[in-house]
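Fold the following and give me the result.
(chains A and B)
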Amino acid sequence: MTRHRVLPDRREVLAGAAATAAALAAPAVVRAQSAALKIAVVLPRSGYLAPAGQSCYRGALIAPKVLSDYGYKVDLVHVDCESNADIARTQTERAIDDGAQAVVGAFDSASTLAMAQVCEQRQVPLIVNIGAAPQLTEQGYKFLVRNFPTGGMLVTNGLALIKTLLEVTKLDAKTAIFLHANDTFGTAQRTAMDHIFPTAGLPFTLLDSIAYDPKAQDLSVEVTKVRALNPDLLLVVTRAADAIKLVRDMVRQRFEPKGIISPGSPGLYDEEFYQALGPLSDYPIYNIPWANPKSQMTHALEAAYAPANPTFRFPVECFNVGFTFEALLVAAAAFKTAGTTNGAELMKAVHATNIADHVMIGPAIQFNEKGQNAGIPSAAVQNRNRTPTVTLPADVATAAPVLPMPGWQGRT
Amino acid sequence: MTLAIVGNVIIEGVLTGLVYGLMALGLSVIFGVVRVVNFAHGEFAVVAMYAAYLLFVTLGLDPILSLLPIAAAFFLIGYALQTVLINRFVGRSEHEQFILLVGLAIVIVNGLLMIFGPDARPANLPYSFDSYAIGPLFVDKARVYAAAGALVVASGLFGFFRYSATGTAIRACADNLTGAAVVGLNIKRLYAFTFGLGLACVGAAGALMVPIADASPLLSQAFTLLAFTIVIVGGLGSMAGALIGGVVIGVSEALASLFWAPSMKSMVSFALLVAVLVFRPQGLMGRRL
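Numbering: from 1, shown residues only, chains lettered A, B, ... in the order given. Sure, this is the predicted structure:
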């Protein structure tokens, strides 16, 4: 009589263990086979950074179609962080809980820093679209990359362009004042100015650096203070809302420097700035990265942007839309390479990014060991007839820079 | 630093301070008579800003002119609020009053956020970019108009309390509540009238703020804090103190921005507040109505 065994033998135990492991691993396999990467796009679509946040949002809205044409599949979840770092943190946490496999954002350095902590803990890649505070890539985050210049890069490139601007226009500027928003980005720019300006070889003296509250009701005292020192140039780091207040108070106090130049900040090219100030928005210059008009991908972006924004005056918003699209491109390309949504694997692919055909001026998108794209140049862009117009570098310029800028009076 | 620049900053501070003072005046009037601290004061000011903004964008009504209908509407709201809600809390413990009005403030600010969102709403007035050149001084037209409006409203309020029978009765309530009741004054009605007047002041101040600042729900807490600072510096319950406190805070913040750092100006107003609390707790003009 054959004796039936009640207890499983070693082989059966091993087979069962393997089956159990396979069953437990199944969700990961299912995730790896996702058709599209689910990306949370966290932007300040309301609050004091809303003009820029909305601009970035318009870029995110058209991105899936353009990316799809290039063979990348993404599924976007749009999140409003209300220009508030605490809300950015909690909303990022929530988006990841809801299944976001990568995060893009958040225009503002303070919000991005808050999000970086969450993404690091949850091992979800964070691709910074815009955010210049150096600490983003200096604090050792393993799940963060930034396809945007640091404050130091912006200031270095911006000051070099100011030097060229003065040479090209033969403007005799002997003094300047640096006026900046007292937020994370503005103070980072101030630090960069303090370090870089003394060795930049510029022909003018920096009389003072003045910080202001970007949420202030007006900037009248700040402008009065600047007027008292009567500089030839006003170097500014602004956002759209405070840039409007700045120009409004300059006009009221009839303060007319030879030039208003941003060594690298937003605000002066936002549509809200043009709408609020009309002809008074003309002639400030901002030295920032800009979309490459000769890139095929820029043309594809413009083709998608125009029908989606029929009332917008320009083919595409060359800064906010360009960088937001590129951040999504980096995430989508990494997903295609990695073939998985596993955070660590995806991040490895993000770090290995090498995208030659992209939107913004500059070499291929690549990240160094800190997660920083260190090869992003700037252009000198001037408002002319309420249109951002590239004036330098000469090879991509569409108009010559105008300095000194014409007075406020008579602009109708 | 030339004298003209300092003079320019002082003038700007005085003009802005007068509008702040009118806003604080409402708080001071309500406390001086009803003995209830309106912790929703800044929120009501922001509601008035939105009302003025809407009247401007829909009907083209200048905010300086829209202060009349807005103040009238706010008077009615204040009268109804006191009659229906706040009269029940008069005489109850301070923490109950505090919770009631803070709750009201939260409801208002969240209501504004739901309706308008957190974005600032600028009213692009025809004189937004204009200024008066007086020798070396440049004075904003918008501020001059707003400050003039604040002075007119404040003068009207002073006149009402000084010369009208109702104003005299309200002052009697503030000075001696028992005596006022004994002579037959309708205390609850006078309280409602006073709360209405306080809110009318806030409504007028909110409308006058629109040419100076963009309407945003996020301003409300700052306005409440500002109004408290002003009335404590000027003297809680003192009408003249509220206006003087507004000017003191407006000028000190402006001078701090000029001589120190613009981003530090709030520190100066709070330092003033601490100094007043330590050395003159009743405020600069610490007398009741």
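
domains for chain A, by residue range?
Segmentation of chain A into domains, based on automatic domain parsing, reads A:37-149+A:293-351, A:152-288+A:379-392.

nearest to B:Pro136, of those?
Nearest to B:Pro136 among the domains of chain A is domain A:152-288+A:379-392 (10.4 Å), distances taken as C-beta to C-beta. Just so you know, the C-beta spots here come from the backbone N, C-alpha and C atoms, and that holds for glycine as well.

what about that closest one and chain B, touching?
Yes. Interface with chain B: domain A:152-288+A:379-392 contributes A:182, A:210-213, A:215-222, A:224-225, A:227-228, A:241, A:244, A:248, A:251-254, A:276, A:280 (C-beta under 8 Å from any C-beta of the partner chain).

just how off-centre is that domain within its chain?
Centroid separation for domain A:152-288+A:379-392 versus its chain: 19 Å, with C-alpha atoms, centre = their mean, to the nearest Å.

Can you say which helix or strand has B:Tyr79 in it?
Counting by DSSP states H and E, the element that carries B:Tyr79 is helix B:63-84.

Help me confirm that A:Leu206 is found in a strand?
Yes. Under DSSP: H, G, I helix; E, B strand; the rest coil, A:Leu206 falls within a strand.

Do you know the pLDDT at it?
pLDDT recorded at A:Leu206 is 94.

Determine the number of other residues adjacent to it.
By other C-beta atoms under 10 Å in any protein chain shown, 17 other residues sit near A:Leu206.

Now tell me what touches the helix or strand just after the helix holding B:Tyr79 from outside.
Scanning forward in sequence from helix B:63-84 by DSSP H and E, the next helix or strand is helix B:94-116. Applying C-beta atoms under 8 Å, 6 or more residues apart in numbering or on different chains, the set of residues contacting helix B:94-116 from outside is B:36-40, B:42-44, B:46-47, B:50, B:85-86, B:89, B:215, B:217, B:220-221, B:224.

just stretch B:224-235 next, same as before
Contacts for stretch B:224-235 (C-beta under 8 Å, 6+ apart): B:20-21, B:23-24, B:26-28, B:31, B:39-43, B:45, B:105, B:237-238, B:240-246, B:248-249, B:269-270, B:272-273, B:276-277, B:282-287.

Can you tell me who the residue nearest to A:Ser265 when sequence neighbours are not counted pairs with across the strands?
Nearest in space to A:Ser265, with sequence neighbours left out and distances taken as C-beta to C-beta, 6 or more residues apart in numbering or on different chains, is A:Val237 at 4.1 Å. Taking DSSP bridges as the rule, A:Val237 bridges to A:His180.

Can you give me the distance of A:Val237 to A:Phe178?
Taking C-beta to C-beta, to the nearest Å as the measure, A:Val237 falls 8 Å from A:Phe178.

what touches both of the two?
In contact with both A:Val237 and A:Phe178: A:Arg190, using C-beta under 8 Å, 6+ apart.

who has more neighbours, the two?
The neighbour comparison of A:Val237 against A:Phe178 (other C-beta under 10 Å) goes to A:Val237, with 35 against 22.

contacting residues for that one?
A:178-181, A:185-186, A:189-190, A:262-265.

Tell me the pLDDT of it.
93.

Quick check: nearest residue in space to the closest residue to chain A within the stretch 101-250 of chain B, chain neighbours excluded?
Closest residue of the stretch 101-250 of chain B to chain A, C-beta to the nearest C-beta: B:Ala213 (3.7 Å). Using C-beta to C-beta, 6+ apart and skipping the chain neighbours, the partner closest in space to B:Ala213 is A:Gln217 (3.7 Å).

Show me the helices in chain A, by range?
Applying DSSP state H to chain A gives helices spanning A:10-32, A:50-69, A:85-97, A:109-122, A:151-169, A:184-196, A:220-229, A:240-252, A:271-277, A:296-308, A:320-338, A:343-351.

wait, what's in contact with the residue of the stretch 301-412 of chain A at minimum distance from chain B?
Going by C-beta to the nearest C-beta, chain B is nearest to A:Trp408 of the stretch 301-412 of chain A, at 8.1 Å. Residues in contact with A:Trp408 (C-beta under 8 Å, 6+ apart) are A:250-251, A:254, A:256, A:280.

Also B:Ala242?
Shown in contact with B:Ala242 (C-beta under 8 Å, 6+ apart): B:21, B:24-25, B:27-28, B:230-231, B:234-235.

Establish whether stretch A:76-93 and chain B are in contact.
Yes. Looking at stretch A:76-93 against chain B by C-beta under 8 Å from any C-beta, the contacts come from A:82-83.

Would you mark the buried spots in that stretch?
Going by neighbour count (16 or more other C-beta atoms under 10 Å in any protein chain shown), the buried part of stretch A:76-93 is A:76, A:79-85, A:87-89, A:91-93.

Leaving out sequence neighbours, find the closest residue to A:Ala291.
A:Cys318 (3.7 Å).

Output stretch B:145-164 as PDB, nothing but the C-alphas.
The C-alpha trace of stretch B:145-164 is given here as PDB (Å, rounded to 0.1, in the frame of the first residue of the first chain):
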ATOM      1  CA  TYR B 145      -7.900 110.900  -4.500                       C
ATOM      2  CA  ALA B 146      -8.000 108.000  -2.100                       C
ATOM      3  CA  ALA B 147      -6.700 110.100   0.800                       C
ATOM      4  CA  ALA B 148      -9.100 112.900   0.000                       C
ATOM      5  CA  GLY B 149     -12.000 110.400   0.000                       C
ATOM      6  CA  ALA B 150     -10.800 109.000   3.400                       C
ATOM      7  CA  LEU B 151     -10.700 112.500   4.900                       C
ATOM      8  CA  VAL B 152     -14.200 113.300   3.600                       C
ATOM      9  CA  VAL B 153     -15.600 110.100   5.000                       C
ATOM     10  CA  ALA B 154     -13.800 110.500   8.300                       C
ATOM     11  CA  SER B 155     -15.000 114.100   8.600                       C
ATOM     12  CA  GLY B 156     -18.600 113.100   8.000                       C
ATOM     13  CA  LEU B 157     -18.300 110.500  10.700                       C
ATOM     14  CA  PHE B 158     -16.800 113.000  13.200                       C
ATOM     15  CA  GLY B 159     -19.600 115.400  12.300                       C
ATOM     16  CA  PHE B 160     -22.200 112.700  12.700                       C
ATOM     17  CA  PHE B 161     -21.000 111.800  16.200                       C
ATOM     18  CA  ARG B 162     -20.500 115.400  17.200                       C
ATOM     19  CA  TYR B 163     -23.700 117.100  15.900                       C
ATOM     20  CA  SER B 164     -26.400 114.500  15.300                       C
END
